[in-house]
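# predicted coordinates and the sequence they were generated for:
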Amino acid sequence: MEQDRTPRPPSPCGRGPGGGGTRPDLLHHARTMRRESTRGEAMLWRALRTRQISGLKFRRQAPIGPYIADFFCPSARLVVEIDGATHTDPAADAARDRWMRAQGLRVLRFWGDDVGGNLDGVLQHIRQVVTGP
C-alpha cells in the first residue's frame, strides 16, 4: 500500500491570535497540563465542556502564541484562567494578560478556591461576559 506523501497543512491547534503555529514543547506541556489538571480546573471544565455555557465551545489548556490558556473560547475571544499555587508571579501574569489583550482577547481570572466554593457564581460571571449585560 502506497502512502500519500502530499504535504499536509499545519494543525490549527495553537494558531490563536498572534501565533504562527505552536512550538512542539508548548504542545507537549499543554497535553501534560490537561492530564494533571487542578481540582478547580477539573470542576470548571466539567461545567464548560460540551457547549454548556451559551452554546460556546471552550478548549482547555489551549496554546495561544507563547502561552497556554487554562480555558479558551475562540468565538467569544475569551480566556479564562484559574489561579492557584502555580501562579506565584503576579508580574508575569500581568504581562501575559497584557499580551493576550493586545491580541484582542478578554481575560478572566478566578482563584481555584472560588471555583471550588462558588462554581455557580463563576459560571454566572462567565455567562455575563460572553452574553453581555
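Noted; the coordinates are in hand. Everything quoted here is computed from the prediction, not taken from an experiment.

# going forward, measure contacts between C-alpha atoms and count neighbours the same way
Noted.

# what about the closest residue to Leu78 other than its chain neighbours, neighbour count?
Nearest non-adjacent residue to Leu78, counting by Cα to Cα, 6 or more residues apart in numbering: Arg106, 4.8 Å away. Arg106 has 19 neighbouring residues, counting by other Cα atoms under 10 Å.

# how far away is Arg106 from Ala85?
Noted for Arg106: a distance of 23 Å to Ala85, by Cα to Cα, to the nearest Å.

# same deal with Ala69?
16 Å.

# the more surrounded of the two?
Each of Ala69 and Ala85 has its neighbours counted (other Cα under 10 Å); Ala69 has more, 23 against 8.

# from the chain's centroid, how far away is stretch 77-88?
Offset of stretch 77-88 from its chain centre (Cα atoms, centre = their mean, to the nearest Å): 9 Å.

# which positions in that stretch come out as buried?
Across stretch 77-88, burial judged by 16 or more other Cα atoms under 10 Å covers 77-83.
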